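>>> got a structure for you, letters missing:
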Ligand code: PMP
């Protein structure tokens, strides 16, 4: 295969079995065979998030931003106080969405590359009362991983609902939704969950559904209102036909296949594989003498790596990386955009993908005039992988 591997932090490379679903004839959204697939996908989404049987999955046509919008519009009423744990660009998007639906937002901001600890969150929650805490599991703009378990525990001590943006984390980073008590965990199809772009995915806790049921203000968005979608999701899971808005039929078929592949691997194995691949990439990057945006590897994501350009190298080097076999992404966080690039390694990513990416980075650096001993990053990665 001559095309370069797509190793940005989403969309990712999808498996052949997933792509085959995309090219099948589109069935009716109420075809019994499709109802079975949709029902199974809902059950499997709940399993992939390690959510409880009383947690409610939603599969909607839209991107990750729609999933964020959907969580917020259903759970925020005008005047609700929200504390946004801010670890980068996507945390700030969540803040914007909460404001759009009338929420009163306070940001608890980390400098780019830093994280927010449960102790910092506890201190903020002790100062003021909040109805809601939002957390970005992995902020794709900084590669920072938050301690969702610890942060959620802190929020619950103060009885706040917890929405976690897992767009760049779900089905890769450890997540035990029921055990940790996360009220909404949400993601998009095109990242670790391994399906082409176009689906927003959420799983809501019984507490989240109770808060929604107890609203006094109507839900601000028509399309995202759980009042329309809850009966549809319940019907598909009960293997009954129903309709509100036409589902993205082929994407749901593809999602069902990718969820099956993930669950067949097993969530514990999926979490461990992502740590291993990430450690290999980070070892390679370090061997090349590059530092990374996260200030401590203890809070670095396992779904992507954010190396800082070495002296004399800039974003133009990504073209040379591409010519050598891997498509990588430039920086995204406005404050440091020109200083770093991003390597995605999530979903069906393999050892071979990681070695391809590092080989392409080595070759790209040499082409950009940065002295690199051939194979140095590959050797460091191989040492981790073996
Ligand atoms: N949150 C995070 C953490 C993301 O990485 C992204 C996409 N990169 C989004 C939200 C938004 O998702 P989408 O682009 O699918 O709307």
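Sure, I can see it. Model, not experiment: these values are computed from the prediction.
>>> Now do the helix or strand containing residue 234: distance to the chain's middle.
Residue 234 belongs to helix 226-237 when assigned by DSSP states H and E. Counting by C-alpha atoms, centre = their mean, to the nearest Å, helix 226-237 is centred 24 Å from the centre of its parent chain.
>>> which helices and strands sit right next to that helix?
helix 32-48, strand 56-61, helix 206-213 (3 or more C-beta pairs under 8 Å, 6 or more residues apart in numbering; DSSP states H and E). For the C-beta atoms, the positions are set from N, CA and C on the backbone; glycine is no exception.
>>> Mean neighbour count and mean pLDDT added to those, as JSON lines?
Below are those laid out as JSON lines (neighbours: other C-beta atoms under 10 Å; pLDDT from 0 to 100):
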{"stretch": "helix 32-48", "mean neighbour count": "19", "mean pLDDT": "98"}
{"stretch": "strand 56-61", "mean neighbour count": "22", "mean pLDDT": "98"}
{"stretch": "helix 206-213", "mean neighbour count": "16", "mean pLDDT": "98"}
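>>> Take the ones you listed and lay them out in a markdown table including distance to residue 18.
Output for the helices and strands packed on helix 226-237, formatted as a markdown table (distance: least, C-beta to C-beta, whole Å):
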| stretch | distance to residue 18 |
| --- | --- |
| helix 32-48 | 12 |
| strand 56-61 | 15 |
| helix 206-213 | 29 |
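>>> who's in contact with whichever residue of the stretch 51-200 of the chain sits closest to the ligand?
At 2.5 Å from the ligand, residue 64 is the closest residue in the stretch 51-200 of the chain, using C-beta to the nearest ligand atom. Neighbouring residues of residue 64 by C-beta atoms under 8 Å, 6 or more residues apart in numbering: 165, 167, 186-188, 190-191, 200.
>>> Intersect those residues with the contacts of the ligand.
Counting by C-beta under 6 Å from any ligand atom, 165, 167, 188 from the contacts of residue 64 sit close to the ligand.
>>> Next, the contact list for the first one, please.
Residue 165 makes contact with 64, 68, 90-91, 94, 134-137, 186, according to C-beta under 8 Å, 6+ apart.
>>> I'd like the distance between it and residue 146.
10 Å (C-beta to C-beta, to the nearest Å).
>>> intersection of neighbour lists for those two?
135-137.
>>> still on that earlier bit, so which of the helices and strands packed on helix 226-237 comes closest to the ligand?
strand 56-61 (11.8 Å).
>>> now the following helix or strand past the closest one, how far from the chain's geometric center?
Heading C-terminal from strand 56-61, the first helix or strand you meet, by DSSP H and E, is helix 64-75. In terms of C-alpha atoms, centre = their mean, the centre of helix 64-75 is set 14 Å apart from its chain centre.
>>> For residue 208, which non-adjacent residue is closest in space?
Nearest residue to residue 208 in three dimensions, chain neighbours excluded: residue 183, at 4.1 Å (C-beta to C-beta, 6 or more residues apart in numbering).
>>> what residues are up against the one you found?
75, 161-163, 204-205, 207-208, 211.
>>> how far away is it from residue 71?
On the measure of C-beta to C-beta, residue 183 and residue 71 end up 9 Å apart.
>>> Quick check: neighbours shared by these two?
By the contact definition C-beta under 8 Å, 6+ apart, residue 183 and residue 71 are jointly contacted by 163, 204.
>>> now the angle from the helix holding residue 234 to helix 32-48?
Going by axes from the mean of the first three to the mean of the last three C-alpha atoms, to 10 degrees, helix 226-237 is angled at 110 degrees with respect to helix 32-48.
>>> how far is the very next helix or strand once past helix 226-237 from where the chain is centred?
Counting by DSSP H and E, the next helix or strand C-terminal to helix 226-237 is helix 249-265. In terms of C-alpha atoms, centre = their mean, the centre of helix 249-265 is found 16 Å from the chain centre.
>>> so does helix 249-265 get close to the ligand?
No: using C-beta under 6 Å from any ligand atom, helix 249-265 never reaches the ligand; the gap is at least 12.7 Å.
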